[in-house]
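> Predicted model follows, preceded by the sequence.
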Amino acid sequence: MAQYTRVSGSVGLITLQSPPVNALSAAVRQGIVDLMQRALSEPEVKSVVICGQNGIFCGGADIKEFGGQMSGPPLIPMIHAIEAASKPVVAAIEGIALGGGLELALGCHYRIAHSKARVGLPEVTLGLLPGAGGSQRLPRLIGVPAALDLITTGRHVTAAEALKFGLVDQITDHNTVNVAVKFAQRVADQPLDARRISTHPCLCPSDVAVLFEEVMQRVRRTARGAIAPIACVQAVRAAATLPYNQGMERERELMATLFTSGQARALQYFFFAQRAVGRWSMPSGARWDTSKPRPVHKAAVIGLGTMGRGITVALAQAGFSVVAVETQEKQLMEAKQAISGMLERGAKRRGVAPALDKINYGRNIQSVADVDLVIEAVFEDMALKKKVFQQLSAVCKPSTFLCSNTSGLDIDQLACQTRNPELVVGMHFFAPAHVMKLLEVVYGPKSSPLAVATAMQLGKKIGKVSVAVGNCRGFVGNRMLKPYLEQALFLLEEGATPEFVDQVLEEFGFAMGVFRMSDLSGLDVGWKVRLADGLAMPDPTMGQPTRLRQGRRYSPLGDLLCEQGRFGQKTGRGWYQYDKPGSQVAKPDPWLHSFLDEYRARHALVAHRIDHQEVLERCLYSMINEGFRILEDGIAAGPEDIDVIYVFGYSWPRHRGGPMFYAATVGLNKVLERLEHYYQAHPDVPSLQPCHLLRKLVASGSPPIQKWREVIKKVRSQL
Ligand SMILES: CCCCCCC/C=C/C(=O)SCCNC(=O)CCNC(=O)[C@H](O)C(C)(C)COP(=O)(O)OP(=O)(O)OC[C@H]1O[C@@H](n2cnc3c(N)ncnc32)[C@H](O)[C@@H]1OP(=O)(O)O
């Protein structure tokens, strides 16, 4: 797991060998310990270079080991031994030096990096802190402000930025190992005392106490309940205020708390979940590793409203030639201006030239005749989308992939409008489409593995986390949102206020509660869908009760607000009031409270006291129950798909792993028991009825989430 060679006569070269990222597994640590001893004991060897095989220095501690019993030599004494070595040790950093990998490099006496290398301490993103001395050495090397930035954000920095910080000693465009070996020869007889970072004083600005206070406040504000960023600040504060040994002791205490926390487990689960969604499969048996995508060079976007503009920007920024079509002249002019502005701002932020020349605008759908892939982004109206798909099928090359950016309409109905339904998939982007990371790639019954593979690859190329899901109303994300929204409305009917429900959800960690989120997205969006579905039309003459529709409980509260022209932020009124239309500062609205009182009186509803627990359980467990139904139906291949969708698309707090992981941490039997309780109290609400898969998992002894797929397979085969 690590190899030793003597090079240029006097340099001991230790090469980490643990594909794919040379993580510091027990075997690699053992290798480093043994080979360092060998290098130090060989009299011919005057200095040492540590590098990683295949152009990758080290991706850090082996995250897979965190779940089990740790064995092998521990990291901290290993790094101390390197730092204390009597011969100079040089880190040759190619590719990446992340987490424990950078901490290893910080224990070395010198660091040489390739100009394309990236370094960082991303432990915070895994619910940890740089617990192998990184929180104590980094501030001593680059100063407290820069160390706080890197450690609390976990961001990766380029070699050039690392050089500016003084984090590396030299960067090179040549073979890094060769340069490091020559460097090691040059410094072979240099004194080492000043090179041992742990002996340095910590570089603090004069107002360091104020700095820590400010950073702590910012971190608390943005952490949304995550504990690791706070512990990171505390660890750096220990470096700034305590001698090294005491700082290390504080680092150890903080790390021990984090290491065993549920948040670290959730974040580490999520790390692997993000990677698991790339290994997609379809119920037909088609899979990521047996389905080849076709290259896309030129794409088209049809419809330049908000979504179409964002998609165009995302494609152009990633280097695709785009034909952007909008049939309305005025809309087209506005869109051109908006898209150029978005591209220019994005380019300025990234320090590159704006990709304005990548886009050709047109009003005629004929102009997409030669593209490889089209993304339709017209208004969410099935009749309109069908028409567009018929036109596209007539105009485009027979091999063109036809994709719809629908947020929940039936992909199969669109596919049926075309000559080649196997080339039709959904590509559900999230607003703003050039910013949000999530893409649901939706396959219908006729979609080919080729089309899914191509859409998944396109998603990756434009920087999205793409999740392949089956075709059903609302797909995964919006289907699960429905019972969540429904419960929030029922809670208002029963006595809660929008402020209280939002407060509970925001304390849980959502960026925005359900009502603030609805005000932001616009209440009219859902209203139009409910109108089209015949739900939002109470017809007293037909004897249809206001609070019962299609045989189940229904809350018309959202419809009533829309009838008053209260569409949310854009009209300055919704579940909250705003200073003016477009303002984002939500304030409780006395009108809304009286409206709710009157509504309850009209329907003889007696408001009762609703507590935190009820809000959380009803909103979240009904959503989770739908998640189990989705798994049962084969719409998502596994719980990881759902969790990734919820974290990236719906601001589910990442440190809680996603809704399905959360259910596992709460305990499936508890989720089942509480759903049974609420369903008994509300038998006219089918979304509270525990689904078969949840019962089956509990009956199977609530296996760990990694084993759910086995139970899901059995349940599906029985259906
Ligand atoms: C009390 C105990 C004290 C312990 C002290 C601990 C102090 C140190 C802690 C740490 O070091 S925590 C780990 C810090 N490192 C990271 O967070 C890096 C994580 N990895 C990445 O960001 C990326 O993987 C990458 C390295 C930038 C590479 O990205 P790329 O897009 O090229 O490939 P991926 O698909 O992401 O990864 C490929 C493959 O490698 C697996 N992997 C990556 N890093 C690790 C790792 N550190 N440990 C184990 N496995 C890792 C990854 O899961 C992929 O495999 P599959 O999941 O697809 O099988």
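Perfect, I can see it now. Numbers count the residues shown, from 1 in each chain.
> Quick one: residues contacting Ile56.
20-22, 94-96 (C-beta atoms under 8 Å, 6 or more residues apart in numbering). Where C-beta positions appear, they are placed from N, C-alpha and C, glycine not excepted.
> now, the most widely separated pair of these?
Pro20 and Glu94 (14.1 Å; C-beta to C-beta).
> between these two, who's got more neighbours?
Glu94 (23 against 8; other C-beta atoms under 10 Å).
> Write out the residues of the stretch 251-400 of the chain neighbouring the ligand.
Residues of the stretch 251-400 of the chain lying close to the ligand (C-beta under 6 Å from any ligand atom) are 255, 259, 272, 275.
> Secondary structure added to those residues, as CSV?
Compiled in CSV, these are given as follows (DSSP: H, G, I helix; E, B strand; the rest coil):
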residue, secondary structure
Met255, helix
Phe259, helix
Phe272, helix
Arg275, helix
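> Give me the residue ranges of the chain where confidence is low.
Counting by pLDDT under 70, the chain contains low-confidence ranges at 538-545, 719.
> Which residue ranges make up the domains of it?
2-259, 298-475, 514-602, 612-717 (automatic domain parsing).
> And the second one, how far out from the chain middle?
A distance of 22 Å separates the C-alpha centroid of domain 298-475 from that of its chain, computed with C-alpha atoms, centre = their mean, to the nearest Å.
> Next, the distance between the ends of it.
27 Å (C-alpha to C-alpha, to the nearest Å).
> Likewise for stretch 562-570?
End to end - C-alpha to C-alpha - stretch 562-570 spans 12 Å.
> Show residues contacting it.
518-524, 527, 536, 571, 573-575, 578, 581-584, 586.
> which parts of that stretch are buried?
By 16 or more other C-beta atoms under 10 Å, the buried positions in stretch 562-570 come out as 562, 566-570.
> Kindly report the same for stretch 211-220.
By 16+ other C-beta under 10 Å, the buried positions in stretch 211-220 come out as 211-212, 215-216, 219.
> out of the residues you listed, what pair is the most spread apart?
Spanning the widest gap among those are Leu211 and Val219, at 12.2 Å by C-beta to C-beta.
> for the ligand, what are the nearby residues on this protein?
Near the ligand, when you scan the chain using C-beta under 6 Å from any ligand atom, you find 20-21, 23, 59-64, 75, 96, 98-100, 122-123, 126, 128, 131-132, 255, 259, 272, 275.
> if we can go back for a sec, so of the buried residues of stretch 211-220, which ones are in helices?
With DSSP state H as the criterion, helices contain 211-212, 215-216, 219 from among the buried residues of stretch 211-220.
> what residues are up against the residue most central in space within the chain?
Nearest residue to the geometric centre of the chain (C-alpha atoms, centre = their mean): Phe648, 4.1 Å. Counting by C-beta under 8 Å, 6+ apart, Phe648 touches 430, 436-438, 465.
> just Ser583 next, same as before
By C-beta under 8 Å, 6+ apart, the neighbours of Ser583 are 569, 572.
> Give the helix, strand or coil label for it.
coil.
> ok so, going back, which among the residues of the chain next to the ligand count as buried?
Buried among these by 16+ other C-beta under 10 Å: 21, 23, 59-63, 75, 96, 98-100, 122-123, 126, 128, 131-132, 255.
> just the helices in the stretch 301-450 of the chain please.
Using DSSP state H, counting those that start in this stretch, the helices of the stretch 301-450 of the chain run over residues 306-317, 329-350, 382-395, 411-415, 449-461.
> can you put those in TSV and add mean neighbour count?
Below are those laid out as TSV (neighbours: other C-beta atoms under 10 Å):
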stretch	mean neighbour count
helix 306-317	25
helix 329-350	15
helix 382-395	17
helix 411-415	22
helix 449-461	22
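> Distance to Pro43 for those helices - can I get that in TSV?
Output for these, formatted as TSV (distance: least, C-beta to C-beta, whole Å):
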stretch	distance to Pro43
helix 306-317	57
helix 329-350	52
helix 382-395	75
helix 411-415	71
helix 449-461	52
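> Quick one: closest of the ones you listed to Ala286.
helix 449-461 (3.6 Å).
> Ramachandran coordinates for Gly470?
Gly470 adopts backbone torsions of phi -80, psi 170, taken as degrees, to the nearest 10.
> how many neighbours does it have?
There are 20 residues near Gly470, going by other C-beta under 10 Å.
> Which residue would be the closest one in the stretch 451-600 of the chain to the ligand?
Lys460 (9.9 Å; C-beta to the nearest ligand atom).
> Could you tell me which residues make contact with the closest residue to that residue other than its chain neighbours?
Spatial nearest neighbour of Lys460, excluding adjacent residues (C-beta to C-beta, 6 or more residues apart in numbering): Ser466 at 6.3 Å. Contact partners of Ser466, counting by C-beta under 8 Å, 6+ apart, are 277-278, 439-441, 455-456, 459-460.
> Next, Ser466: secondary structure please.
With three-state DSSP as the criterion, Ser466 reads strand.
> Counting neighbours, which bits of stretch 229-243 end up buried?
Residues 229-240, 242 are the ones in stretch 229-243 that count as buried (16+ other C-beta under 10 Å).
> same question, stretch 509-519
So stretch 509-519, judged by 16+ other C-beta under 10 Å, has buried residues 509-510, 512-519.
> quick revisit: measure the residue of the stretch 451-600 of the chain closest to the ligand to Arg654 for me?
Look at Lys460 and Arg654: by C-beta to C-beta, to the nearest Å, they are 20 Å apart.
> the strands in the stretch 551-700 of the chain, which residues?
552-553 (DSSP state E, counting those that start in this stretch).
> how many neighbours does the closest residue to the ligand within it have?
Across the stretch 551-700 of the chain, no residue is closer to the ligand than Glu640, which sits at 10.8 Å (C-beta to the nearest ligand atom). The number of residues packed around Glu640, counting by other C-beta under 10 Å, is 27.
> Report the contact partners of it.
Counting by C-beta under 8 Å, 6+ apart, Glu640 has contacts 272-273, 276-277, 658, 660.
> And for Phe212?
Going by C-beta under 8 Å, 6+ apart, Phe212 touches 233, 236-237, 240.
> Tell me which of the helices of the stretch 301-450 of the chain lies nearest to Gln689.
Evaluated over the helices of the stretch 301-450 of the chain, closeness to Gln689 peaks at helix 411-415, with 27.3 Å, by C-beta to C-beta.
> Residues contacting that closest one, please?
382, 385-386, 389, 402, 404, 406, 421-422, 424-426, 442-447, 471.
> hey, where'd the strands end up in the stretch 51-200 of the chain?
Using DSSP E, counting those that start in this stretch, strands in the stretch 51-200 of the chain cover 89-93, 96-98, 110-114, 118-120, 157-158, 170-172.
> Would you tell me which one of the ones you listed is buried the most?
strand 89-93 (a mean of 29; mean count of other C-beta atoms under 10 Å).
> now the strands for the stretch 401-550 of the chain?
401-404, 424-429, 438-443, 465-470, 548-549.
> So which of those is nearest Ala159?
Comparing the strands of the stretch 401-550 of the chain by C-beta to C-beta, strand 465-470 comes nearest, at 26.4 Å.
> how far off strand 424-429 does the closest one point, in degrees?
Angle, strand 465-470 to strand 424-429, by axes from the mean of the first three to the mean of the last three C-alpha atoms, to 10 degrees: 140 degrees.
> Taking the stretch 151-300 of the chain, what residue is nearest to the ligand?
Closest residue of the stretch 151-300 of the chain to the ligand, C-beta to the nearest ligand atom: Arg275 (3.8 Å).
> Tell me who's in contact with that residue.
With C-beta under 8 Å, 6+ apart as the criterion, no residue contacts Arg275.
> which non-adjacent residue is nearest Ile79?
Nearest residue to Ile79, sequence neighbours excluded (C-beta to C-beta, 6+ apart): Gly107, at 3.6 Å.
> Quick check: the one you found touching Pro130?
No - applying C-beta atoms under 8 Å as the test, Gly107 and Pro130 come out as separate, 12.0 Å apart.
> of the two, who's got more company?
Pro130 (30 against 27).
> residues near the closest residue to that one other than its chain neighbours, how many?
For Pro130, ignoring the flanking residues on the chain, the nearest one in space by C-beta to C-beta, 6+ apart is Leu121 at 4.4 Å. Using other C-beta under 10 Å as the criterion, Leu121 is surrounded by 32 other residues.
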